[in-house]
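Enquirer: kindly return the folded structure for what I paste below:
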Amino acid sequence: MKQQKTFIVLRNKKTGYFLSDYKNRTGRLAYEASWVECVNDALIIPEDYLIKEENRYKGMARIFEAELIRVKAEFLIGTLDGKEPNEPLQNVDDINKEKFFTLAG
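Expert: The predicted structure follows:
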């Protein structure tokens, strides 16, 4: 089974590392940022968020001296013995509805 996911990350222009954490310093116009080499550990921006808030994320990229990078990832999902996993017996939405109605009583 294959799944694909597209998302955006911030990549440092000098080092090529990816933004993994940032926070504002209290009482100052400054921030702290952490960077990682592996894109798996990076903070991700869903692509639809970028569309809605593009100027905001472009501003963040300028502040961090980074660039916005689109990542298209493909996941190959299989059982430990290399076979295709079975389809779920129930849809997640159906399970959540059942739980809600059970709790609502």
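Enquirer: from here on, contacts and neighbour counts on C-alpha atoms
Expert: Fine.
Enquirer: across the sheet, point out what pairs with L76.
Expert: K2 (DSSP bridges).
Enquirer: pretty sure it sits against K2.
Expert: Yes: the pair L76 / K2 is scored as a contact, 4.7 Å apart, by CA atoms under 8 Å.
Enquirer: residue contacts, K5?
Expert: With contact taken as CA atoms under 8 Å, 6 or more residues apart in numbering, K5 is in contact with 72-74.
Enquirer: give me the element T15 is part of.
Expert: Using DSSP states H and E, no element contains T15; it sits outside every helix and strand.
Enquirer: counting neighbours, what do you get for it?
Expert: Neighbour count for T15, taken as other CA atoms under 10 Å: 11.
Enquirer: spatially central residue (nearest the centroid) of the chain, please.
Expert: Centrality entry for the chain: nearest residue to the mean C-alpha point is I44, 3.3 Å, by CA atoms, centre = their mean.
Enquirer: endpoints of stretch 15-29, how far apart?
Expert: 24 Å (CA to CA, to the nearest Å).
Enquirer: buried sites along that stretch?
Expert: By neighbour count on 16 or more other CA atoms under 10 Å, the buried set for stretch 15-29 is 17-20.
Enquirer: now the residues you listed in CSV, with pLDDT, secondary structure and distance to I8?
Expert: CSV is the format used below for these (pLDDT from 0 to 100; DSSP: H, G, I helix; E, B strand; the rest coil; distance: CA to CA, whole Å):
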residue, pLDDT, secondary structure, distance to I8
Y17, 97, coil, 14
F18, 98, strand, 11
L19, 97, strand, 11
S20, 96, strand, 12
